[in-house]
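J.: Just to be clear, the model below is a prediction. Sequence and coordinates:
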Amino acid sequence: MQKEAKITSKGIKKVLNNYNPASSLAEYIWNGFDAKATKIEINYDSNELGRLNFLQVRDNGMGIDLENLHYKFDNFYDSEKSVQVQSPKHSSILHGKNGVGRLTFFTFANFAKWTTFYESKGIKSGTISISSENLKIYDKNILTAESKFTGTTVYFTNLLISLDALEKDLTTYLKKEFCWFLELNKEYSILINGIPLDYTDLVADRDFFDLEKNGSFFKIKDVQWTESLNKEHSKFYFQDSNGKEIYKNFTTLNKKGDYYYHSIYIESDFFSHFDFTKNDESNQVSLFSKATSSTEYKYLISKLNDYLKTKRKPYLRANAERLVLDYEINGIIPTYNNTWEQIRSKELKDTIIGLYEVQPKIFSNLNLEQKKIFVQFIDLLLDSNERENIFKIIESVTQLEPEEREDLSNILHKTSLNRVINTIKLIEDRYKTYYQLKELVFNEELGAKEVPHLQDLVENHYWLFGEQYHLVTAAEPKFEEALKRYIYKTTGEITDTKIDHIDKNREMDIFACRQHKKDSKIENIVLELKHPKIQLGEKEYSQVMKYLGVISSRQEFNAPNMSWKFYLIGNKFNSSKFIERQIKTNKTHGEESLVYNEDGRIKVYIKTWSEIFTEFELSHNFLDEKLKLERKKLYELSKDADEIVLKSKINTAVSLEEIELPQ
């Protein structure tokens, strides 16, 4: 008998598209444990060519009640939201919401068939079949029972993966998925072709000890993992005296960014009649129940927190020293030469180690550039006169415990925050400028114009396109004037250079350059800004290419150490698809928005304003996350475009003024 569900097969695959063969097979194991199985077997075989002959997952659980199958299948087919695989926050059972993980087989097979034996006034059996071509249809058949025991076997056929592909990630994934669960349920097992899943390589340390309070005894098992587990964070698992899980919750050291992964298992008869959802003061606790406000529970958690902090300290120290070594190898920590600088270098390293020991999270999830910025930020603090106010900086990122404050005080004695305050002010003003520019671009009611508004703001804030540039020209000057200023900026010489080119009288919106002292390189940018209502196409592209033509014609603009980037910026592309074709043609260079590349030295990019704003968010996300700026307060309403431009000229983020030739 066929049943059809409401959501489409395509919709199901869309919701479950983050699954791969290993994570999909894990869902079938979870389905078994959810069905109260204690033993899960994964069996497979292959031929000499490495093709899988068969693949099955077998469990000894309660089976699937085919007489009530519609409760399992029809309900979660109602919408995409109901298909999402979820897990309870405070319980390890019923991992998959409605068992929807059973649909993930489409990642490695075309067909799945469940043969199940279940209790319903005796042992009954049946099959369920689903094809990956139409996941919303299942075929159910009730059969004559042929077993004395309940359980389910899932057979996968028309397999899409090879033996190598299956084994490459399967064991590693399953170990990280189930190690904590098998520690919680020691009578449970997972076998792969008859071999028990061995996760001992994930165990960094095991510790056992007992605690007692007011006659209540607690058996503690602490397991420290070598790496992060798949989805399970560091947690407390509360079990009764029979080992049955009553509740689980995060430890105080969960997600601290320190790579200290752990699971704490607490077994006690104390939890047999324990209500984690109530406290004694609520007057709702049963006469025979205990609650989290009890003396014994508070004592237990306090002792466990102290234990974790003590055990974590030497681990943090070793990890911090490895971090500093990694920073040195990758050039994140500056190189110092003379004796004074070497003393300063040691001070910087000790400070990084100390900060990591106090709050490792501030060093997590940083890319190379962000690491360099943060280390320079610390170096700035150490180079100032007072140091005690660093607490304000760190506590703006994360709350410090009294003990952590004391530890940090021992590391840092005096710090002047003048430079830090200025830096924060600069960051705040950059966000203000960012919001102001977005208003000019997207708020049509302001009536912003191209030259007096958009261009005026950007020429005062060309840091949006790169740091340390110096404005050569904006709007009015022709190419000859631009060349004179450029020569003066790069060589210090004043010349009366003439340009012989048909387009020499064109005016670039913004032309800026920057010099690198170490290798004498000169980088140049030219910006062509278009009003949001102008759709970009071949005409606008040709305008930029004419600028390029003038510049290419002069040797003063084309020394071997010079590079050029041209940016054409507008709100959208026109319907001709010309811009899209240019971007596609240059896709092989591996750069977004690139439409022209001449030997890697001269490049032309065409970007939308939305891309510019996204790049700003990405480049400033590190500082925003670490300093937790109250960005809503940085957004200021303005009555018109003129007021926005005026405000943009009176903040600390304003770039260097335009180059002028001496009179």
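T.: The structure has been received and is ready for your questions.

J.: biggest helix in the protein, by residue count?
T.: In the chain, with assignment by DSSP state H, the single longest helix is helix 295-329.

J.: Which positions in whichever helix or strand comes after that helix come out as buried?
T.: Next helix or strand after helix 295-329 toward the C-terminus (DSSP states H and E): helix 339-358. Across helix 339-358, burial judged by 16 or more other CB atoms under 10 Å covers Arg344, Ser345, Leu348, Lys349, Thr351, Ile352, Ile353, Gly354, Leu355, Tyr356, Glu357, Val358. C-beta coordinates here come from the backbone N, C-alpha and C atoms, glycine included.

J.: Specify the angle between helix 339-358 and helix 295-329 in degrees.
T.: For helix 339-358 against helix 295-329, the angle by axes from the mean of the first three to the mean of the last three CA atoms, to 10 degrees is 150 degrees.

J.: Could I get the CA-only coordinates of helix 339-358 as CSV?
T.: Written as CSV, here are the backbone C-alpha positions of helix 339-358 (Å, rounded to 0.1, in the frame of the first residue of the first chain):
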residue,chain,number,x,y,z
THR,A,339,68.1,44.0,23.5
TRP,A,340,65.3,46.4,24.4
GLU,A,341,63.1,45.1,21.6
GLN,A,342,63.8,41.5,22.7
ILE,A,343,62.7,42.4,26.3
ARG,A,344,59.5,43.9,24.7
SER,A,345,59.0,40.8,22.7
LYS,A,346,59.1,38.6,25.8
GLU,A,347,56.7,40.9,27.5
LEU,A,348,54.3,40.6,24.5
LYS,A,349,54.5,36.8,24.4
ASP,A,350,54.0,36.5,28.2
THR,A,351,51.0,38.8,27.9
ILE,A,352,49.5,36.7,25.1
ILE,A,353,49.9,33.6,27.2
GLY,A,354,48.4,35.3,30.2
LEU,A,355,45.4,36.6,28.2
TYR,A,356,44.9,33.1,26.7
GLU,A,357,44.9,31.5,30.2
VAL,A,358,42.4,34.0,31.4
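
J.: Counting by contacts, list what the helix or strand that it is followed by packs against.
T.: As assigned by DSSP H and E, the chain's next helix or strand after helix 339-358 is helix 368-382. In terms of contacts (3 or more CB pairs under 8 Å, 6 or more residues apart in numbering; DSSP states H and E), helix 368-382 is packed against helix 339-358, helix 418-442, helix 609-627.

J.: same for the longest helix of the chain, what does it pack against?
T.: Other elements packing on helix 295-329 under the criterion 3+ CB pairs under 8 Å, 6+ apart are strand 203-213, strand 216-225, strand 261-267, strand 290-291, helix 339-358.

J.: what mean pLDDT does that helix have?
T.: Confidence for helix 295-329, expressed as mean pLDDT, is 90.

J.: and that helix with strand 216-225, angle?
T.: Comparing the axes of helix 295-329 and strand 216-225 via the same axes, to 10 degrees yields an angle of 20 degrees.

J.: Now do the buried residues in helix 295-329.
T.: For helix 295-329, a neighbour-count test (16+ other CB under 10 Å) marks 296-297, 299-301, 304, 307-308, 311-312, 316, 319-320, 323-324, 327 as buried.

J.: what is the orientation angle of it with strand 261-267?
T.: Going by the same axes, to 10 degrees, helix 295-329 makes 160 degrees with strand 261-267.

J.: ok so, going back, I'd like the helices and strands packed on helix 295-329 laid out as CSV, including mean pLDDT and distance to Leu471.
T.: What follows is those, written out as CSV (pLDDT from 0 to 100; distance: least, CB to CB, whole Å):
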stretch, mean pLDDT, distance to Leu471
strand 203-213, 95, 55
strand 216-225, 95, 54
strand 261-267, 95, 50
strand 290-291, 75, 67
helix 339-358, 72, 34
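
J.: so can I have a markdown table of the ones you listed showing distance to Ala641?
T.: As requested, those are arranged in a markdown table below (distance: least, CB to CB, whole Å):
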| stretch | distance to Ala641 |
| --- | --- |
| strand 203-213 | 60 |
| strand 216-225 | 57 |
| strand 261-267 | 53 |
| strand 290-291 | 61 |
| helix 339-358 | 44 |
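
J.: The stretch 551-663 of the chain: strands as residue ranges?
T.: Using DSSP state E, counting those that start in this stretch, the strands of the stretch 551-663 of the chain run over 562-570, 572-573, 594-598, 602-608.

J.: which one of those strands lies closest to Gly50?
T.: Across those, Gly50 has its closest neighbour in strand 594-598 (41.2 Å, CB to CB).

J.: Please point out which parts of that closest one sit buried.
T.: For strand 594-598, burial by neighbour count (16+ other CB under 10 Å) applies to Leu594, Val595, Tyr596, Asn597.

J.: In its sheet, which strands sit next to it, and in what direction?
T.: Next to strand 594-598 in the sheet, as set by DSSP bridges, lie strand 602-608 (antiparallel).

J.: got the CA coordinates for the partner strand in CSV?
T.: Once non-C-alpha atoms are left out, strand 602-608 reads as follows in CSV (Å, rounded to 0.1, in the frame of the first residue of the first chain):
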residue,chain,number,x,y,z
ILE,A,602,46.5,46.1,-14.2
LYS,A,603,43.1,44.8,-13.1
VAL,A,604,39.5,46.1,-13.6
TYR,A,605,36.7,45.2,-11.2
ILE,A,606,33.0,45.9,-11.5
LYS,A,607,31.1,45.7,-8.2
THR,A,608,27.7,46.5,-6.8
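
J.: Work out the gap between that strand and the centre of the chain.
T.: 28 Å (CA atoms, centre = their mean, to the nearest Å).

J.: where along the stretch 451-600 of the chain do the helices fall?
T.: Residue ranges of the helices in the stretch 451-600 of the chain, as given by DSSP state H, counting those that start in this stretch, are 456-460, 479-491, 538-552, 578-585.
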